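Participant: kindly generate the corresponding structure for this input.
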Amino acid sequence: MAEGIVVRGLRRVRTLLAEGATPHSLEGKQLARVRALLHECASGIGGEMSARQRASRLAETYQGLNDEGRATFLRIVATEFGPDPQRVDKAHTDYQAAIGSDAQWTAESALRNALRSSRLRILTQFNTLPQGVKFLVDLRADLLHHVEEDAALRSLDRELESRLSAWFDVGFLELQRITWSSPAALLEKLIQYEAVHEIRSWSDLKNRLDSDRRCYAFFHPRMPMEPLIFVEVALVDHLADNVQTLLDEHAPVFDAQRANTAIFYSISNTQVGLRGVSFGNFLLKRVVDDLKRDYPRLVSFATLSPLPTLRRWSEKTPEAWQHAFGPADLERIKRHLPPDATAPDSAGELQALLGDGRWSQDARLARALQHGLTRLAARYLLSTIKGGRPYDPVARFHLGNGARIERLNYLADTSTRGHKQSYGLMVNYMYDPDTIEANVEAFSRSGEIAAAAAIRRSARD
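Facilitator: Numbers count the residues shown, from 1 in each chain. Next up is the predicted model:
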């Protein structure tokens with residue numbers, strides 16, 4: 001019965017919002033009522049039914065708030081339900097005095113309990129709602145939106161991230177293959193959440209789920225229709241070098257039984273609120289095992305990945321242009337410029353020429369730019385940030401999972417987004433079962449980047 005009340009409450013607020021009810025701020029009597037309910041949650045007054053009803057009312061109120069109201073709600077939880085400073089101070093003093101004695105372990109336990117905030121009790125009660133896990137994931141997404149502006153929210157964010165990491169441990173997740181026969185609501189989620197290559201239509205989606213394709217996702221038992229992360233795979237007989245070709249809806253369907261290569265061409269995290277909760281590496285390992293079982297002829301597992309921050313990096317690194325484009329390159333480029341184009345007198349002036357993707361439509365000019373842009377991309381991939389990690393976020397993910405940088409592909413993504421991100425370049429990361437563990441160890445210990453000789457040579461030339 002209590003569960004029915006909770007479900008009806010959450011459904012009611014969704015209905016009101018869908019019907020055009022205006023989200024509102026948190027103030028006056030409602031603010032006082034929310035604060036009182038939070039204190040009741042923190043103190044654990046009443047039985048299980050009372051706790052669920054309180055959590056339901058709080059969730060219903062929260063979902064009806066506007067951005068300002070949600071920020072107020074989160075700040076109350078963060079600032080009014082943390083550890084008691086006086087209790088922590090006393091427990092710490094007692095612990096320091098007990099070190100080396102038989103009472104040390106009891107004092108350590110007391111200090112740990114003193115540091116535990118009542119925020120955890122509140123969060124745990126939300127978790128008991130039928131849709132409470134999803135509510136908390138969405139709540140953290142709101143929290144991340146405000147945490148940079150309000151330092152007081154950071155402790156709450158760390159606690160919630162820790163709880164979500166435990167609740168979304170990979171051992172609890174279910175790997176499922178998504179097919180064209182999957183529920184329409186789930187297919188709509190794929191269209192909504194695709195973050196790498198936009199799904200433009202239902203026919204585009206159908207092509208990505210055809211017999212020569214696979215799509216796998218991790219699900220949490222409490223969020224059965226919400227993929228947490230999904231990967232799209234193409235079964236082919238070569239190392240793919242062009243995403244438009246790979247996604248061509250009119251291309252003939254390849255016989256998957258003849259495939260020797262699996263290309264992971266899109267990996268999308270779907271829940272902003274799970275930022276910092278990592279399970280992408282487990283997804284790829286599970287998918288590789290599943291594919292090897294179904295297709296014994298597969299010998300190569302690789303990606304066709306974007307270089308999402310290449311252009312941003314290059315615009316902040318003028319010396320990289322000087323390294324990539326020498327005088328001979330500039331002369332070659334000038335010879336193939338259209339009559340109305342301004343000839344670049346230096347490598348730095350090339351950025352204006354590459355402002356949009358029109359240059360790629362001129363075959364001779366594109367060839368003249370190829371070596372320089374490839375050198376630029378190779379240098380970018382081997383560049384690191386503070387801590388010795390690669391500048392490129394996708395590289396950090398794949399190298400951390402044991403892949404190596406295998407090959408750069410020129411004009412592999414000629415879409416507007418591809419030009420805007422990386423001048424149309426993409427990269428293959430190779431997952432070689434014989435070297436994955438060694439690569440992971442070297443990367444985690446010293447930040448060593450596994451890369452093919454051609455990549456290193458291109459970066460040095």
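
Participant: residues touching residue 316, list them.
Facilitator: Contacts of residue 316 were listed using Cβ atoms under 8 Å, 6 or more residues apart in numbering, and none were found. Placement of C-beta: from N, CA and C, glycine included.

Participant: got phi/psi on it?
Facilitator: Dihedral pair for residue 316: phi -100, psi 0, per degrees, to the nearest 10.

Participant: pLDDT score assigned to it?
Facilitator: pLDDT for residue 316: 92.

Participant: packing partners of the longest helix along the chain?
Facilitator: Longest helix in the chain by number of residues (criterion: DSSP state H): helix 363-381. Contacts defined by 3 or more Cβ pairs under 8 Å, 6 or more residues apart in numbering; DSSP states H and E place helix 363-381 against helix 310-316, helix 318-324, helix 327-335, strand 404-409, helix 453-460.

Participant: and the closest residue to residue 309 other than its chain neighbours, how far from residue 182?
Facilitator: Among residues not flanking residue 309 along the chain, residue 392 sits closest, at 6.0 Å (Cβ to Cβ, 6 or more residues apart in numbering). Plainly put, residue 392 is 32 Å away from residue 182 if you go by Cβ to Cβ, to the nearest Å.

Participant: same thing with residue 439?
Facilitator: Taking Cβ to Cβ as the measure, residue 439 falls 34 Å from residue 182.

Participant: looking at those two, which is more packed in?
Facilitator: The residue with more neighbours, out of residue 439 and residue 182, is residue 439; 21 against 17, by other Cβ atoms under 10 Å.

Participant: what helix or strand is the more buried one located in?
Facilitator: Assigned by DSSP states H and E, residue 439 belongs to helix 436-446.

Participant: ok, and what's touching the helix or strand just after the longest helix of the chain?
Facilitator: Note on helix 363-381: by DSSP H and E, the next helix or strand toward the C-terminus is helix 393-400. For helix 393-400, the external contacting residues (Cβ under 8 Å, 6+ apart) are 267, 280-281, 303, 305-309, 381, 389-390, 405, 427, 429, 439-440, 443-444, 449-450.

Participant: now do the buried residues in helix 393-400.
Facilitator: Buried residues in helix 393-400, counted by 16 or more other Cβ atoms under 10 Å: 394, 395, 397, 398, 399, 400.

Participant: same list (those residues) but as a markdown table, adding distance to residue 117.
Facilitator: Listed next are those as a markdown table, based on distance: Cβ to Cβ, whole Å:
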| residue | distance to residue 117 |
| --- | --- |
| 394 | 36 |
| 395 | 37 |
| 397 | 32 |
| 398 | 37 |
| 399 | 37 |
| 400 | 32 |
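
Participant: quick one: the longest helix of the chain to helix 393-400, angle?
Facilitator: For helix 363-381 against helix 393-400, the angle by axes from the mean of the first three to the mean of the last three Cα atoms, to 10 degrees is 60 degrees.

Participant: if we can go back for a sec, which of the contacts of helix 393-400 count as buried?
Facilitator: For those, buried by 16+ other Cβ under 10 Å: 267, 280, 303, 305-309, 381, 389-390, 405, 427, 429, 439-440, 443, 449-450.

Participant: that older thread, ok, so of the buried residues of helix 393-400, who is nearest residue 202?
Facilitator: The nearest member of the buried residues of helix 393-400 to residue 202, counting by Cβ to Cβ, is residue 394 at 27.8 Å.

Participant: ok, back up a step: which strands or helices does the helix holding residue 439 pack on?
Facilitator: If you count contacts as 3+ Cβ pairs under 8 Å, 6+ apart, helix 436-446 packs onto helix 393-400.

Participant: try it again with 10 Å
Facilitator: Under the contact criterion of 3 or more Cβ pairs under 10 Å, 6 or more residues apart in numbering; DSSP states H and E, helix 436-446 touches helix 280-294, helix 393-400, strand 404-409.
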